[in-house]
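Colleague: sharing a sequence plus its predicted fold:
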Amino acid sequence: MKGFIRDLWWILLLHGIVLLLFGLAMILWPGLTFVSLSLLFSAYVLVSGVINILVAIGAITARRSWFLRLLLGIVEIGVGVYLLKIPGLALSIFVLAVGAIFLLQGIFTIIASIADTRDAGMRILEIVSGILGIIAGFIVLENPVTGGIAFVWVLGVYGLIAGTINISAALSLRHIANEVEKIARRK
């Protein structure tokens, strides 16, 4: 378990940084065209999918819910490739894909945190991140053809909050791994 945490914290940190940068881009440049937005989001979804697959592979022996991350990664890569192949995608289809990914990511994050996380603080952070994903997904799905600025800001705020939570969780994992190593060296 300690090797899993030690080797994996930086992947969660990278995921949080990418999500945070995605959120910053949406807040700072809300006038982006939806074609550009779909390309940015497609890149994020692809990176997120690859990271989730890597986490799943690394967690096969350590976590019971590794298959959920693998499934999410495969879905994210499929959606990302689809969005990249059709950059002129209609706004409503793009928004529905975004909402669905947020919902899936939120649901899988909550299930995985309940099934696998023993640290109460980490579990709370992961559940909050999952709830934010579900809320963002519902907001996006409820208003698929509304103004671009509000849509971009929903994505941006989600990215800022969930990215910060992922970074915090990664640093917490790193701290836990360091503490486990200190304890192991004392024995």
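Modeller: Arrived safely, thanks for sending.

Colleague: just the buried residues of the lengthiest helix in the chain, please?
Modeller: Longest helix in the chain, counting residues (DSSP state H): helix 148-186. Neighbour-count burial for helix 148-186, counted by 16 or more other CB atoms under 10 Å, picks out 151-152, 154-170, 172-174, 176-177. For every residue, glycine as well, the C-beta is placed using N, CA and C.

Colleague: and if you look at stretch 51-71?
Modeller: Buried, per 16+ other CB under 10 Å, within stretch 51-71: 51-56, 58-59, 63, 65-66, 68-71.

Colleague: what's the answer for stretch 73-91, then?
Modeller: Result for stretch 73-91 [16+ other CB under 10 Å]: buried residues 73, 75-77, 79-80, 83-84, 89, 91.

Colleague: any idea of the mean pLDDT in it?
Modeller: With pLDDT averaged residue by residue, stretch 73-91 scores 79.

Colleague: list the contacts of it.
Modeller: 34-35, 38-39, 41-46, 48-56, 94, 97, 100-101, 104-105, 144-145, 148 (CB atoms under 8 Å, 6 or more residues apart in numbering).

Colleague: if you look at those, which of them are in strands?
Modeller: Under the assignment DSSP state E, the contacts of stretch 73-91 contribute nothing to strands.

Colleague: poorly predicted segments of this protein, please.
Modeller: By pLDDT under 70, the weakly predicted segments of the chain are 1-7, 31-35, 38, 87-93, 117, 145-150.

Colleague: can I get the helix or strand hosting Glu76 as PDB, trimmed to CA atoms?
Modeller: Element membership of Glu76, judged by DSSP states H and E, is helix 66-85. Presented in PDB, the C-alpha positions along helix 66-85 are these (Å, rounded to 0.1, in the frame of the first residue of the first chain):
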ATOM      1  CA  TRP A  66      -9.800   0.000  -9.700                       C
ATOM      2  CA  PHE A  67     -12.200  -1.100 -12.500                       C
ATOM      3  CA  LEU A  68     -14.400   2.100 -12.000                       C
ATOM      4  CA  ARG A  69     -11.300   4.300 -12.800                       C
ATOM      5  CA  LEU A  70     -10.500   2.100 -15.700                       C
ATOM      6  CA  LEU A  71     -14.100   2.300 -17.100                       C
ATOM      7  CA  LEU A  72     -14.100   6.100 -16.500                       C
ATOM      8  CA  GLY A  73     -10.700   6.400 -18.300                       C
ATOM      9  CA  ILE A  74     -12.000   4.500 -21.300                       C
ATOM     10  CA  VAL A  75     -15.200   6.600 -21.500                       C
ATOM     11  CA  GLU A  76     -13.200   9.800 -21.100                       C
ATOM     12  CA  ILE A  77     -10.800   8.900 -23.900                       C
ATOM     13  CA  GLY A  78     -13.700   7.900 -26.200                       C
ATOM     14  CA  VAL A  79     -15.500  11.200 -25.500                       C
ATOM     15  CA  GLY A  80     -12.300  13.200 -26.000                       C
ATOM     16  CA  VAL A  81     -11.400  11.500 -29.300                       C
ATOM     17  CA  TYR A  82     -15.000  12.000 -30.500                       C
ATOM     18  CA  LEU A  83     -14.900  15.700 -29.600                       C
ATOM     19  CA  LEU A  84     -11.500  16.100 -31.300                       C
ATOM     20  CA  LYS A  85     -12.700  14.500 -34.500                       C
END
